[in-house]
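[1] sequence-free structure coming up:
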C-alpha cells in the first residue's frame, strides 16, 4: 500500500483548511483488511498556532460540523504524533472558531465526551476505527475495543455515561451523613482540620469517578437563596433558604490515553429527608419566574510551546451557563490544572467572590 501523509497545515489561499493529502511510495506494515492512511504533524501548523497564542486570541468551545464522506482509517505512527495532532486540531478550533468535522454516523458517540472528546472523535473514520502506533481502536456502539495490529488479543471496554454533577451531590451528601454534618462546609472541619471549604478526594472520601478521583480538587461555599422551591412538591417558594455552590476541577484520561482537564461550577440546595440534610441539584423550576442565575467556569493548564512545555504560559477555556457550567481543555502530563469560578443569582447572600480559584 502507498504511504499517504496527512499534513496539518494552514492554507491562506483556501481559507483555514486543516487537512491535505500528499502521496509517496514508502511501504508500511498493514493488514490486508485495513484500508488506512498515515498521518504526520506539520511544523507549519505548530508555528501558526504558536503565533495565535502569542496574539492572545480568545479560546472557545469547539464547534462541530458533520460530514457524510467515508475515509480510510487514519494511522499515527506513534502516540506522540497522535497527541500533537489532537492538540493542533483542538487548539485550532478553539482559537479560530473553525469546527471540527465528525462523520455523521458517529454522532451518537458525542454523549461519551469524557471518554472520547469531539476532537478525538473527529480523527475516527466512518467505520469507527483509528490506528495509534500498532494498536487498532474500534467503536462498537456502547463499547470500544483495543487490539494490537500484530495479534488477536482484543480488549473491550464499555462506554459508561457518567454525570459528575449528580455524583458530586450524592457523594457530598454521603460525606455529610458520615460526619454528622448538616452543611458540606462542616466536613472539612472534621476531616481535613481546615475551614477553607476546599479539599481533595482524600479529605472526606470524595469520589467523583473511581478512574480519576485522585486528580480532583473541589471547593464548596454555603450561601442563602432569596427564594427557592426546596422540595419539588412544594406549591410556593421558601425565603432565605440555605444553598451551596460547588466548584471543582479534575483531570482525566480518554480512551486513547490522552490527558484532559475540566472544571465545573454548579448551584445546589439543601433539603431535609427523614431528618437528614441532603445536597440536591437545583433546576430552573426551583426558582421564581424571572430570577436570573449565571455560572462561569474557566479551566487552565500550562500549554505546549512547540514540542516542549512552557513553564510560564497557560492556556485557558471559559464557558458560561445558567445553573451549571462545564469547561474542558486538553492537558499535558505533569502540568497541573487550575480553575476560576464565578456564580451569580438574584437576591442571594454569601456567594463567594467572583473569579474564585480552585487549585
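    Alright, I've got the coordinates. Keep in mind the model is a prediction, meaning the values are calculated, not measured.

[2] host element of residue 223?
    strand 216-228 (DSSP states H and E).

[3] what packs against the following helix or strand past that strand?
    Remark: after strand 216-228, the chain's next helix or strand is strand 238-253, criterion DSSP H and E. Counting contacts by 3 or more Cβ pairs under 8 Å, 6 or more residues apart in numbering; DSSP states H and E, strand 238-253 is packed against helix 164-179, strand 216-228, strand 259-273, strand 338-345, strand 356-358. Bear in mind the C-beta positions are built from the backbone N, C-alpha and C, glycine included.

[4] show me what the longest one is packed up against.
    Here helix 164-179 touches helix 185-191, strand 238-253, strand 259-273, strand 276-281, going by 3+ Cβ pairs under 8 Å, 6+ apart.

[5] which one of those is the most hemmed in?
    Ranked by mean neighbour count, these are led by strand 259-273 with a mean of 22 (mean count of other Cβ atoms under 10 Å).

[6] off-centre distance for the strand holding residue 223?
    Strand 216-228 sits 22 Å away from the centroid of its parent chain (Cα atoms, centre = their mean, to the nearest Å).

[7] do the same with stretch 288-301
    On Cα atoms, centre = their mean, the centre of stretch 288-301 falls 17 Å from the chain's centre.

[8] if we can go back for a sec, buried sites along the strand holding residue 223?
    Within strand 216-228, the residues that count as buried by 16 or more other Cβ atoms under 10 Å are 216, 217, 218, 219, 220, 221, 222, 223, 225, 226, 227, 228.

[9] so what sits opposite the fourth one in the bridge?
    Note on residue 219: beta-bridge partners by DSSP bridges are residue 198, residue 247.

[10] make residue 1 into 5 and carry on from there
    Sure, I'll start counting at 5 from here, so that last one is residue 223.

[11] quick check, pLDDT for it.
    We have a pLDDT of 86 for residue 223.

[12] what about the closest residue to residue 142 other than its chain neighbours, distance to residue 162?
    Of all residues not flanking residue 142 in the chain, residue 149 sits nearest, at 4.7 Å (Cβ to Cβ, 6 or more residues apart in numbering). With distances taken as Cβ to Cβ, to the nearest Å, residue 149 is found 11 Å from residue 162.

[13] who has more neighbours, the two?
    Shown here are residue 149 and residue 162; by other Cβ atoms under 10 Å, residue 149 has more neighbours (15 against 9).

[14] so where is this structure shaky, pLDDT-wise?
    Applying pLDDT under 70 to the chain picks out residues 5-36, 57, 59-63, 192-201, 203-219, 307-319, 337-338.

[15] grab the longest helix from it for me.
    The longest helix of the chain (DSSP state H) is helix 83-100.

[16] which ones are touching the closest residue to residue 240 other than its chain neighbours?
    Distances taken as Cβ to Cβ, 6+ apart place residue 233 nearest to residue 240, at 7.6 Å, with adjacent residues excluded. Contacts of residue 233 were listed using Cβ atoms under 8 Å, 6 or more residues apart in numbering, and they are 240, 241, 242, 289, 290, 291.

[17] how does it look with 10 Å?
    Residue 233 makes contact with 239-242, 245, 273, 275, 286-287, 289-292, according to Cβ atoms under 10 Å, 6 or more residues apart in numbering.

[18] what packs against the next helix-or-strand element following the longest helix of the chain?
    Following helix 83-100 in sequence order, the next helix or strand is strand 104-107 (DSSP H and E). Under the contact definition 3 or more Cβ pairs under 10 Å, 6 or more residues apart in numbering; DSSP states H and E, strand 104-107 sits against strand 21-28, strand 68-71, helix 83-100, helix 122-125.

[19] make it 6 Å
    Packing partners of strand 104-107 (3 or more Cβ pairs under 6 Å, 6 or more residues apart in numbering; DSSP states H and E): strand 68-71, helix 122-125.

[20] what residues does it touch?
    Residues outside strand 104-107 that contact it (Cβ atoms under 6 Å, 6 or more residues apart in numbering) are 66, 68, 69, 70, 71, 97, 122, 123, 125, 126, 130.
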